[in-house]
Each structure stands twice: as structure tokens, then as C-alpha cells.
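> predicted model follows, preceded by the sequence.
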Amino acid sequence: MRRFHLALPRSIDDCLKLLAERGSEAKLVAGGTDLLPQMKNGLLKPAAVVDLSGVADLRALRRQDGSGLRVGASVTAREIELDSYTRSAYPALAESGALVGSVQIRNLATVGGNLCNAAPSADMAPPLMALEAEAVIASPRGRRRVPMSAFFTGVRRTVLAPDELLVELLVPALGPRSGGQYLRHTPRRELDIAVVGVASQVTLTDGPSRSRGRRSSPSRRRGRSAISAAPPISAVTSSGS
Ligand SMILES: Cc1cc2nc3c(=O)[nH]c(=O)nc-3n(C[C@H](O)[C@H](O)[C@H](O)COP(=O)(O)OP(=O)(O)OC[C@H]3O[C@@H](n4cnc5c(N)ncnc54)[C@H](O)[C@@H]3O)c2cc1C
């Protein structure tokens, strides 16, 4: 592996300054489970690596009363898998976190790294797309919000410019009668990556009422599903009835 300068910033502002100084010769690292193999294989040879592990503001997983969930970019797959509120309110997201690699990998692997690496096999991408989450992106020019459905521009490509950092994901609040699921297909049963991953999210907006033992009004559904697959295919579909 090529020698590189390692920076250990403590704040988002410090990260942004380092990215602005170093430009495209710098790479961010969170858990390193995607980046380090790419550096070892010689696919990437950054002159500088900016380690996000000391930036506390990226690590929060917070329930927002009435307005959903905020997931910091450096929250790990294991934290998402185990968080009791995420498991009950956003089961598709919790299920996707639980499927990433092994426990050892999940303790390091972050949601930000999973999304910014932009592999078609990224397990946490389809649920966040189906949940209509937004990415909060910081740069020296300020902050912007990008819907997850517009975050990926191709295989291993995202809307992020070299001087930008993913700060967090904003996951909207769901109605009381909501459900979601994430399923994937892998050729091997253990420690394999998805050939195809499908997330779905449904909310019943108008519950069935019963009259003399009969259902008198049907439920209306609002649903969204997201599919990612290798070779590169991705789709988001919405429906309402
Ligand atoms: C053995 C093994 C098994 C795996 N199994 C799975 C699996 O089952 N499912 C799956 O989806 N993945 C799997 N992976 C891939 C990997 O673990 C995940 O994609 C993980 O979530 C990456 O997160 P990380 O924090 O390690 O990313 P890193 O390696 O630290 O970073 C990945 C990329 O994202 C960029 N980045 C990181 N954070 C930010 C940020 N905040 N803003 C902007 N850019 C950022 C980095 O610059 C880098 O380009 C596996 C990997 C290994 C080694």
C-alpha cells in the first residue's frame, strides 16, 4: 500500500477544511471496510486519508419527536441493527443493517460508508430509498439536502463533490399503520454480498372499518419500493390506492 498522510479531525468543519486543502487527493475513511481493501488492492492511492472516527457529530442516532429519525453518517450497521426504536419503527432499515457482513464487520461498517461507496450491493441503500430519506451533505459552501432517490448517479458514483461530506440521513416519520421489509438474494448463505436487494415500505392511510361484521371501507395504501442489483440496475417505484 502506498504511504499516505493520516488526518484525525474532531469536527465537521475541520474535515471540510482538510478536504478543501487536499482536494481529490484526499479520501475520507469511516469504518474502512470498503476503503482499506480498495487501497490494499491498489484500486485507490490517496495521498491523504481523513479519519472520521473522532467526529462525534457524525455518530448520533436520534429519534426526532414527530419528525422521524436522524442517522449520523458514522452510525454503524450494528447500531442500526440493535437500536430498539429503529427495529420497531423502521424494520426494513434495521434488517438491512443486520445483513451487512459479520458482527465484526458491522461493528465498523457505517451507513455513510455503505452509501458513499455506492456499490450496487449496498444493503442499507434500498430501505433508505423506500423510506424517502434525505441525505444532508456539507461543504465549504454550506449544507444541502438530497433525496436518497437522487443520491446515486451510477455504479460507485454519487452526487458528492470531492470537497463534500455526508453528515446524516433524515428519515421521515411514518403513519401509525406502516410496515417495511428488506430482502436480498446472495449466492452463498453467509458472508456474501447481495446480487439483488429489495426494500418495500407501505402505509395504510385510511383503516378498514367494520359494519355488521363486514368490511365496509377498504384501506388505502401508499407504498414505495426500491431495488438495487448487480449488474447495475436500480429502481424506485411508488404506488397509492
Ligand atoms: C468481509 C466483508 C463483508 C461485507 N459484507 C457486506 C454486506 O453484506 N453488505 C453490504 O452492504 N456491504 C458489505 N461490505 C462492505 C462494507 O462493509 C459496507 O459497505 C460498509 O457499510 C462500508 O462502511 P465503512 O464505514 O467501512 O466505509 P469506508 O470504507 O470507511 O468508506 C467507504 C467509502 O465511503 C466514503 N465515505 C465514508 N464516510 C463518508 C462520509 N461521511 N461522507 C462522504 N464519504 C464518506 C469513503 O471515502 C469511501 O470512499 C462488506 C465488506 C467486507 C470487508
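Perfect, I can see it now.

> how about the spatially closest residue to Leu61 that is not a sequence neighbour, what does it touch?
Spatial nearest neighbour of Leu61, excluding adjacent residues (CB to CB, 6 or more residues apart in numbering): Val75 at 4.8 Å. For every residue, glycine as well, the C-beta is placed using N, CA and C. The contact partners of Val75, by CB atoms under 8 Å, 6 or more residues apart in numbering, come to 58-61, 110-112.

> same thing with Ser84?
Residues near Ser84 by CB under 8 Å, 6+ apart: none.

> Pro91 versus that one, what's the distance?
Distance of Ser84 to Pro91, given as CB to CB, to the nearest Å: 12 Å.

> buried ones only from the contacts of Val75, please, as a ChimeraX command.
The ChimeraX selection below is limited to those of those classed as buried (16 or more other CB atoms under 10 Å):
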select :58,59,61,110,111,112
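
> in helices only, show me the contacts of Val75.
Secondary structure from DSSP state H places 111-112 of the contacts of Val75 in helices.

> with distance to the ligand and pLDDT as extra columns, can I get the contacts of Val75 in CSV?
CSV is the format used below for the contacts of Val75 (distance: CB to the nearest ligand atom, whole Å; pLDDT from 0 to 100):
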residue, distance to the ligand, pLDDT
Leu58, 6, 98
Arg59, 11, 97
Ala60, 13, 96
Leu61, 14, 97
Thr110, 3, 98
Val111, 7, 98
Gly112, 4, 98
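
> contacting residues for whichever residue of the chain sits closest to the ligand?
Nearest residue of the chain to the ligand (CB to the nearest ligand atom) works out as Gly113 at 2.0 Å. By CB under 8 Å, 6+ apart, the residues touching Gly113 are 30-35.

> how does it look with 6 Å?
For Gly113, the contact set (CB atoms under 6 Å, 6 or more residues apart in numbering) comprises 30-31, 34.

> what do you get for Met1?
By CB under 6 Å, 6+ apart, the residues touching Met1 are 39-40.

> per-residue pLDDT of it, please?
As predicted, Met1 sits at a pLDDT of 79.

> then Arg189?
As predicted, Arg189 sits at a pLDDT of 75.

> do Thr237 as well
At Thr237, pLDDT is 67.

> who does the top helix by length along the chain touch, helix- and strand-wise?
Identified as the longest helix of the chain according to DSSP H is helix 12-22. When contacts are defined as 3 or more CB pairs under 6 Å, 6 or more residues apart in numbering; DSSP states H and E, helix 12-22 sits against strand 48-51.

> can you tell me if the strand it packs on touches the ligand.
No: Strand 48-51 lies out of reach of the ligand by CB under 6 Å from any ligand atom, never closer than 8.2 Å.

> what about that strand, average pLDDT?
97.

> against which helices or strands is that strand packed?
Under the contact criterion of 3+ CB pairs under 6 Å, 6+ apart, strand 48-51 touches strand 5-7, helix 12-22, strand 26-29.
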